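# coords below, sequence missing:
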């Protein structure tokens with residue numbers, strides 16, 4: 001019914017029933033009340049300005065995040081071009097470099113498989129292309145100082161894919177814990193050649209990881225404690241025992257493949273192959289897992305190299321060990337960018353073709 005029809009059907013009041021004009025609320029009072037209400041929010045600046053700031057951040061994040069990733073990658077490669085060129089110019093080094101690139105690329109794929117196993121176990125079904133884009137977008141964010149960028153990328157893209165924020169955070173936290181624990185468990189492989197007989201205590205991380213593999217539910221208690229230390233809510237969802245074991249197995253495979261890339265580089269510069277294999281596999285896992293906790297550095301830059309040197313000097317002189325540590329950084333960066341960038345290109349959203357008239 002239109003307003004005109006309503007006015008026609010409403011009975012007109014008699015003069016005695018009509019409200020005197022003096023008792024009507026002046027328009028100025030209504031305006032004043034409205035002005036006072038809006039002015040209260042504007043005076044503090046919080047209700048009116050906070051949504052605007054959040055909106056600006058939401059719009060700027062898709063632009064700033066890729067720029068920050070490119071900057072971080074450039075920082076990781078800066079100053080290493082000379083060392084890499086010196087290695088590549090040697091004719092006999094090319095097969096070793098290609099093997100190192102392939103091994104670390106395989107490690108990256110195993111790493112994605114670990115995250116995907118947890119997401120499949122905890123969250124709603126997500127198409128493979130979408131999950132790949134979510135993972136590698138956040139994965140390349142490790143080149144930006146601070147661990148928050150990867151989380152933000154997963155929250156934003158996961159939410160768009162229908163994954164609740166608590167599930168995204170639980171997958172991120174469990175994936176980090178699984179990676180660090182398995183890395184610390186693989187690391188002591190290098191201990192007999194780097195530390196000697198005094199390295200018996202390094203079997204403790206392996207024993208702890210084995211206990212978590214037998215009783216994966218203990219990992220959730222560890223995740224709850226880590227969330228409390230970070231003053232964040234504990235994960236609201238729990239992965240199944242089978243899902244956790246699958247993730248731990250794939251994370252271990254990732255560390256083994258990553259260690260093979262370091263082994264190829266060490267053998268290239270003269271390390272004994274049999275002795276260097278456990279040293280490189282264990283040293284790479286221990287150095288990378290430990291450096292990943294240094295969130296103020298892009299991808300643990302500098303911290304990982306220092307730890308790698310301690311392991312590599314067991315099989316190489318100091319100068320060659322330094323060259324291998326630098327070459328490892330370059331090879332890892334190149335392989336991660338190639339695999340991550342290639343995955344993002346292959347999973348670009350398909351444009352729907354307009355239907356023929």
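Noted; the coordinates are in hand. Here the structure is a predicted model, which means the values were calculated and not measured.
# okay but residue 285 is in contact with residue 188, surely?
No. Between residue 285 and residue 188 there is no contact under C-beta atoms under 8 Å: 9.3 Å. Just so you know, the C-beta spots here come from the backbone N, C-alpha and C atoms, and that holds for glycine as well.
# more neighbours: which of these two?
Per other C-beta atoms under 10 Å, whichever of residue 285 and residue 188 has more neighbours is residue 285, with 28 against 23.
# secondary structure element for the more buried one?
Assessed by DSSP states H and E, residue 285 sits inside helix 273-291.
# then residue 105?
Here residue 105 is assigned to helix 94-122, by DSSP H and E.
# before we move on, the earlier item: elements contacting the very next helix or strand once past the helix holding residue 285?
Toward the C-terminus, helix 273-291 is succeeded by helix 303-312 as the next helix or strand (DSSP H and E). On a contact count with 3 or more C-beta pairs under 8 Å, 6 or more residues apart in numbering; DSSP states H and E, helix 303-312 meets helix 273-291, helix 318-346.
# residues touching the residue lying closest to residue 157 once chain neighbours are set aside, list them.
Nearest non-adjacent residue to residue 157, counting by C-beta to C-beta, 6 or more residues apart in numbering: residue 134, 4.5 Å away. By C-beta atoms under 8 Å, 6 or more residues apart in numbering, residue 134 lies in contact with 126, 153, 154, 157, 158, 161.
# over to residue 206?
Counting by C-beta under 8 Å, 6+ apart, residue 206 has contacts 184, 185, 188.
# mind doing that once more with 10 Å?
181, 182, 184, 185, 186, 187, 188, 189 (C-beta atoms under 10 Å, 6 or more residues apart in numbering).
# and the first one, what element?
Here residue 181 is covered by helix 165-186, with elements defined by DSSP H and E.
# so what's residue 12 scoring on pLDDT?
Note for residue 12: predicted pLDDT of 48.
# cool, and residue 239?
pLDDT, read off for residue 239, is 80.
# quick check: phi and psi on it?
When quoted as degrees, to the nearest 10, the phi and psi of residue 239 stand at phi -80, psi 150.
# go ahead and confirm it touches residue 121.
Yes. With contact defined as C-beta atoms under 10 Å, residue 239 counts as touching residue 121 (4.7 Å).
# spit out the residues that contact those two alike.
With C-beta under 10 Å, 6+ apart, residue 239 and residue 121 have common neighbours 171, 174, 246, 247.
# might you report the residue contacts of the third one?
With contacts defined as C-beta under 10 Å, 6+ apart, the neighbours of residue 246 are 113, 114, 116, 117, 118, 120, 121, 216, 239, 240.
# for residue 110, see how far away it is.
12 Å (C-beta to C-beta, to the nearest Å).
# now the first one
Taken as C-beta to C-beta, the spacing of residue 171 relative to residue 110 amounts to 16 Å.
# more neighbours: these two, which one.
residue 171 (28 against 19).
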